[in-house]
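Asks: Structure of the sequence below:
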Amino acid sequence: MSFGVSLSGTSLAKSMKEALAYEVQEARVYNKDFKPGLAVVQVGDRQDSNVYVGHKMKVAEELDFKAVHVKLRQSVTEAEILSTIETLNDDPTIHGIIVQLPLDCVHEVDVLKCTMHVDPLKDVDGLHPLNAGKLAQGDLSSGFIPCTPRGCLELIKSSGVELEGKSACVIGRSKIVGSPMASLLKWHNATVTVCHSKTENIVQIVQNTDIVVVAVGSPKIVQGHWIKPGAVVVDCGINSVEDSSAARGYRLVGDVDYVACAERAAFITPVPGGVGPMTVVMLMRNTLESAKRFFNIPAQAKTWKASSLPVSPKSPVPSDIEVSRTQTPKPISRLAGEIGILPSEYSLYGKYKAKVSLDLEKRLSSAELGSYVVVTGITPTPLGEGKSTTTVGLSQALCAHLARNTFACLRQPSQGVTFGIKGGAAGGGYSQVIPMEEFNLHLTGDIHAITAANNLLAAAIDTRMLHENNNQDDKLLYKRLVPEVKGQRKFNQCQLRRLERLAICKTQPEDLTDDEIRHFCRLDIDPDSITWNRVLDTNDRHLRKIMIGLGDAEKGNSREESEIYF
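Replies: Numbers count the residues shown, from 1 in each chain. Predicted coordinates for the structure are as follows:
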């Protein structure tokens, strides 16, 4: 009696792990910091989940991934689970997230809500509706394919059987295995039938099928006479059945009667050692692919798939504000997606503005460098075209007409334009930043943050001078600078650095001499030497010279500031 060839997932998984390890090392040629990160969120302490998660962590570590096991208590709430997932979504070192099912939780938890909360860009289980939708529509490259179906496909391919034109039957319609498996086979040009608990004449359907994938969770439900001679049989089931002869009192079997079906099948997967090992390796494959997308590996210049906004020039050209208001800006989140900025790398300020995190620079450190064009030293024309208009217009030409990836970098302008005193630095005509009002009114607050930082330092200088002038006793000033906390004085790191610069090689406050205390405490700033002035963004000529320190609390420590910048 002849048996079909056993499709060993164990041996195939081993060879694929070796290939993955090579890919990791190869990726580090492009970026030495490349390290895929996988996080598994487990709720409770189910023994089977512990085993599964432990195996995933082990394989991830063998491949030199960052492996994070987040184990939550049984009493955890749904809000806490969602918060944990959000933290992982925002972690740039994590590229793949899975929620280990089932959730062993004493509280009622919406499992679908939890799995949907995973960022689709990190959903390496392929369960998010966005990834499921991509697979359903035949997009097999930009999303993630669920791990078990992907492993099944690799096993079928390893048999050498050509999928195109073959009839295939998937028994089971779960969201995790059956349904995505059917889509995967369909998009590999097989003719697919999905069978489930309500299917009539299931035996006859299977008997006429070249490829059978079974995922129902019922031991040995598929019998030998169901199988068409020469078929490929993939068994995704793993069930424990009592067996007094086994050391553990049970043994593992699949959804297929292996011995009976192997007599008719040309190829068949065993249980255990078939689909299981492949599922774990496909999880690593998805995580590696996610990390490569994150690090932009292989690093190569790619033309953005950005669509330009339509422009309908009018003659004569209307005022700048009229031009601005006739155009509806593109939502910044859509623009970010078109040019490859990840949602975790920017913070939205309304629909049309965002601040980009400097983490983006680190992620793209291996990317090909571009050209830096500086537009400067231009005397505006009678119509007002100067540096800003030229910069925006040049960027429009390079990006929209020559298909070159282009950013225009403009400083946020002075609010002088608000009072009609000077140009807005937003460009003009059909080469301007929109919405013009929001750019000029600084609703993102960038320039105000810089102004605040500058003025905080200016205030710190004057405050230090005030304290030194009002505390003639060096030791009293010393006690205020190095206060006693719980009966002990201690230098902070900044003060230790000052001592080092003063060549005072002491670390205990009690050890300083009177002379050393004076040098440590007093900066003795000459007011006439101060060049760090307070600044004001709004162009107000009446504030170009001011007197500071006129309040009663300043006790006569007043001085004139030479100029207020704007």
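Asks: Backbone dihedrals for residue 241, please?
Replies: phi -120, psi 150 (degrees, to the nearest 10).
Asks: Correction: the previous question concerned residue 5.
Replies: Given degrees, to the nearest 10, the pair of backbone angles that residue 5 has is phi -70, psi 130.
Asks: Next up, the contacts around it.
Replies: 159, 266, 267, 268 (C-beta atoms under 8 Å, 6 or more residues apart in numbering). Any C-beta I mention is one placed from the backbone N, CA and C, and that applies to glycine too.
Asks: by contact count, what packs against the one helix or strand in the chain whose mean pLDDT sits lowest?
Replies: Ranking every helix and strand in the chain by mean pLDDT, DSSP states H and E puts helix 436-440 at the bottom, with a mean of 76. With contacts taken as 3 or more C-beta pairs under 8 Å, 6 or more residues apart in numbering; DSSP states H and E, helix 436-440 sits against helix 320-326.
Asks: May I see the buried residues of the helix or strand just after the helix it packs on?
Replies: On the C-terminal side of helix 320-326, the nearest following helix or strand under DSSP states H and E is helix 332-339. Within helix 332-339, the residues that qualify as buried are 332, 335, 336, counting by 16 or more other C-beta atoms under 10 Å.
Asks: Among those, which one sits closest to residue 7?
Replies: Set against residue 7, the nearest of those by C-beta to C-beta is residue 336 (43.3 Å).
Asks: need the contact list for that closest one.
Replies: 342, 343, 345, 346, 354.
Asks: which of the buried residues of helix 332-339 lies closest to residue 85?
Replies: Checking those against residue 85 by C-beta to C-beta gives residue 336 as the nearest, at 21.5 Å.
Asks: Now do the same for that closest one: its pLDDT.
Replies: Residue 336 is assigned 91 on the pLDDT scale.
Asks: Same question for residue 39.
Replies: 97.
Asks: so it sits in a strand?
Replies: Yes - applying DSSP: H, G, I helix; E, B strand; the rest coil, one finds residue 39 inside a strand.
Asks: Distance-wise, check it relative to residue 94.
Replies: According to C-beta to C-beta, to the nearest Å, residue 39 and residue 94 sit 5 Å apart.
Asks: before we move on, back to that, just give me the closest of the buried residues of helix 332-339 to residue 6.
Replies: For these, the nearest to residue 6 is residue 336 (48.6 Å; C-beta to C-beta).
Asks: For residue 93, grab the count of nearby residues.
Replies: Using other C-beta atoms under 10 Å, the number of residues around residue 93 comes to 14.
Asks: got a list of what it touches?
Replies: Contact analysis of residue 93 by C-beta under 8 Å, 6+ apart lists 35, 37, 66.
Asks: Give me the neighbour count for the second one.
Replies: A count of neighbours around residue 37, defined by other C-beta under 10 Å, yields 22.
Asks: Was I right to think it contacts residue 291?
Replies: Yes - under the criterion of C-beta atoms under 8 Å, residue 37 makes contact with residue 291 at 7.1 Å.
Asks: Give me the common contacts of the two.
Replies: In contact with both residue 37 and residue 291: 95, 96, using C-beta under 8 Å, 6+ apart.
Asks: one step back: now the contacts of residue 93 in CSV, with distance to residue 153?
Replies: Putting the contacts of residue 93 into CSV (distance: C-beta to C-beta, whole Å) gives the following:
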residue, distance to residue 153
35, 28
37, 25
66, 27
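Asks: nearest to residue 112, of those residues?
Replies: For the contacts of residue 93, the nearest to residue 112 is residue 37 (24.8 Å; C-beta to C-beta).
Asks: how far is the least confident helix or strand of the chain from where the chain is centred?
Replies: Centroid displacement of helix 436-440 relative to its chain, using C-alpha atoms, centre = their mean, to the nearest Å, is 30 Å.
Asks: pLDDT score for the most centrally placed residue in the chain?
Replies: The C-alpha lying nearest the average C-alpha coordinate of the chain belongs to residue 344 (C-alpha atoms, centre = their mean; 4.6 Å). For residue 344, the pLDDT comes out at 83.
Asks: check contacts around it.
Replies: Residue 344 neighbours (C-beta under 8 Å, 6+ apart): 89, 90, 92, 119, 357, 359.
Asks: ok, the fifth one - contacts?
Replies: Right, the one you point to is residue 357. Residue 357 touches 344, 345, 346, 347, counting by C-beta under 8 Å, 6+ apart.
Asks: when you check these against the helices, which ones overlap?
Replies: Assigned to helices by DSSP state H, none of those qualify.
Asks: Can you tell me which of those residues are buried?
Replies: Buried members of the contacts of residue 357, counted by 16+ other C-beta under 10 Å: 344, 345, 346.
Asks: Now, the residues you listed that are in strands?
Replies: Taking DSSP state E, the ones among the buried ones among the contacts of residue 357 that sit in strands are residue 346.
Asks: nearest to residue 30, of the buried ones among the contacts of residue 357?
Replies: Nearest to residue 30 among the buried ones among the contacts of residue 357, counting by C-beta to C-beta, is residue 345 at 19.1 Å.
Asks: From the contacts of residue 93, pick the one nearest residue 171.
Replies: Residue 171 has its nearest neighbour among those in residue 37, at 35.7 Å by C-beta to C-beta.
Asks: Any stretches of the stretch 251-400 of the chain with poor pLDDT?
Replies: 299-301, 383-384 (pLDDT under 70).
Asks: Go again with 80.
Replies: Applying pLDDT under 80 to the stretch 251-400 of the chain picks out residues 298-303, 365-368, 377-378, 380-385.
Asks: Next, please give the residue ranges for the strands of it.
Replies: Remark: strands assigned in the stretch 251-400 of the chain by DSSP state E, counting those that start in this stretch are 267-268, 346-348, 354-356.
Asks: Make CSV out of those strands and add distance to residue 203.
Replies: Formatted as CSV, these follow (distance: least, C-beta to C-beta, whole Å):
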stretch, distance to residue 203
strand 267-268, 18
strand 346-348, 55
strand 354-356, 58
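Asks: Could you say which of these is packed most deeply?
Replies: strand 267-268 (a mean of 24; mean count of other C-beta atoms under 10 Å).
Asks: which helices and strands does that strand pack with?
Replies: If contacts are counted by 3+ C-beta pairs under 8 Å, 6+ apart, strand 267-268 sits against strand 5-6, strand 232-235, helix 258-262.
Asks: That one pairs with which strands, parallel or anti?
Replies: With DSSP bridges as the test, strand 267-268 is paired with strand 5-6 (parallel), strand 232-235 (parallel).
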